[in-house]
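Engineer: Build me a model from this:
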Amino acid sequence: MDISVVVPCYNEHDNITELYERLIKTFNKNKLDLDKIILIDDGSNDNTWNKISQLQQLNKKEILGIKFSRNFGHQNAVIAGLTYCKSDFVLIIDADLQDPPEILEDMIIEMNKSKANAVFAKRISRQDTRFKRMTASLFYRFFNKFSSTKIPEDVGDFRLMDKKIYNHLINFSEQNPFIRGLVPWTGFKQVPVKYHRNDRYKGKTGYSFFKMLNFTIDGILSFSNLPIKLAYITSIISIFLLIVLIFYALLSFFKGSNVPGWTSLMVIILFFNSLNFFILALLGEYIGRIFNETKKRPRYIVNEVLEN
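Structural biologist: I've put the predicted structure just below:
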């Protein structure tokens, strides 16, 4: 089976060489046919592209380098890499070596055994902060509870897929692809392989808190309209409570007594005003995404390609 490897890179100049060497060892050990290792520089501001260029010059038959004009995001970098694949299978892996390339052997065994179209790597342990582990766990539980498309918990984009799946992923036209949701959405069979996730080999993660937050929002809004339904229900509750407060105020007025609880009343008003602004922001997020889709802009722009 011939396999391509898609590697999105953002400020990963310290890790690329080590990743390449471990991938080659894995392919040689298991006597696998390597088609291409596709390295995508997602607008890095370090020497990532120079490192990719050097590797490609030394290994022209094995390395294909893609340079974006700027940072377009991890998911778009993966999609760009998939468009250059010609092999029967593709492995998606990050360059930071938190996901060990050696797991490919177990993925192939499981794929042949279960006759699946995709094998995803499921983390049974991870070297992340407690906060990141907790928020990731909450995200998966929230996503699966409110989305019709279920994604396995503790799973990233580290996976082996056949051509049938990745050809469909390429044809999806949405501006904010969420790959770990799109793969199960296709309906093809996918099975897990469990592994221990390592710490980064070198360097710092390119995912800040706000990038992770945006990524989470992309996933939820791409696969669920429940937030709009919740906003609708909350609005109905707010209107009902408002009617109750008005009725209480009028009743107190006609009885000739002052309306007590001015402070608490203002707190309630401010609370519901905040809630309304939140709902408006939520609706604006959906409308903004619809607007971005209608513009039909490319999801990424390739500045340079290095290939044999």
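Engineer: Domain map for the protein?
Structural biologist: 2-208+298-306, 226-295 (automatic domain parsing).
Engineer: Can you say which of the ones you listed is packed in most?
Structural biologist: domain 2-208+298-306 (a mean of 18; mean count of other C-beta atoms under 10 Å). Yep, even glycine has a C-beta here, placed from its N, CA and C like the rest.
Engineer: Distance from the chain centre to it, please.
Structural biologist: 11 Å (C-alpha atoms, centre = their mean, to the nearest Å).
Engineer: So for Ile217, which of the domains of the chain sits nearest?
Structural biologist: Of all the domains of the chain, domain 226-295 sits nearest to Ile217, with 7.2 Å by C-beta to C-beta.
Engineer: picking that back up, for the domains of the chain, give me a markdown table that also has mean pLDDT and distance to Ile220.
Structural biologist: Below are the domains of the chain laid out as a markdown table (pLDDT from 0 to 100; distance: least, C-beta to C-beta, whole Å):
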| stretch | mean pLDDT | distance to Ile220 |
| --- | --- | --- |
| domain 2-208+298-306 | 90 | 6 |
| domain 226-295 | 70 | 7 |
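Engineer: can the ones you listed go into TSV with extra columns for distance to Asp218?
Structural biologist: As requested, the domains of the chain are exported to TSV (distance: least, C-beta to C-beta, whole Å):
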stretch	distance to Asp218
domain 2-208+298-306	5
domain 226-295	9
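Engineer: out of these, which comes closest to Gly219?
Structural biologist: In this view, the domains of the chain are compared for proximity to Gly219 by C-beta to C-beta, and domain 2-208+298-306 is the closest at 4.5 Å.
Engineer: so where does the nearest residue to Glu293 once chain neighbours are set aside fall, helix or strand?
Structural biologist: Spatially, and ignoring its direct neighbours in sequence, Glu293 is nearest to Gln175 (5.7 Å; C-beta to C-beta, 6 or more residues apart in numbering). Using DSSP states H and E, Gln175 sits in no helix or strand.
Engineer: Please report how far the residue nearest the centre of the chain lies from Ile243.
Structural biologist: Residue closest to the average C-alpha location in the chain (C-alpha atoms, centre = their mean): Phe178, at 5.0 Å. Note on Phe178: its distance to Ile243, by C-beta to C-beta, to the nearest Å, is 40 Å.
Engineer: need the next SSE after the helix or strand harbouring Val244, C-terminal direction.
Structural biologist: Assigned by DSSP H and E, Val244 falls within helix 226-254. Sequence-wise, the next helix or strand downstream of helix 226-254 (DSSP H and E) is helix 262-295.
Engineer: list the helices and strands the helix or strand following that following helix packs on?
Structural biologist: The helix or strand immediately downstream of helix 262-295 is strand 302-306, counting by DSSP H and E. Counting contacts by 3 or more C-beta pairs under 8 Å, 6 or more residues apart in numbering; DSSP states H and E, strand 302-306 is packed against helix 48-58, strand 63-68.
Engineer: could those be laid out in JSON lines, adding distance to Leu169?
Structural biologist: Below are the helices and strands packed on strand 302-306 laid out as JSON lines (distance: least, C-beta to C-beta, whole Å):
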{"stretch": "helix 48-58", "distance to Leu169": "23"}
{"stretch": "strand 63-68", "distance to Leu169": "16"}
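Engineer: Out of those, which is closest to Asp99?
Structural biologist: In terms of C-beta to C-beta, the element of the helices and strands packed on strand 302-306 nearest to Asp99 is helix 48-58, at 18.1 Å.
Engineer: neighbouring contacts of that closest one?
Structural biologist: Contacts with helix 48-58, where a contact means C-beta atoms under 8 Å, 6 or more residues apart in numbering, come from 9-13, 16-17, 20, 39, 41, 63-65, 67, 306-307.
Engineer: ok, which stretches of the stretch 51-200 of the chain are strands?
Structural biologist: 63-68, 89-92, 118-125, 155-162, 190-196 (DSSP state E, counting those that start in this stretch).
Engineer: Reformat those strands as TSV; add distance to Ile287.
Structural biologist: Converted to TSV, those look like this (distance: least, C-beta to C-beta, whole Å):
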stretch	distance to Ile287
strand 63-68	27
strand 89-92	32
strand 118-125	33
strand 155-162	28
strand 190-196	33
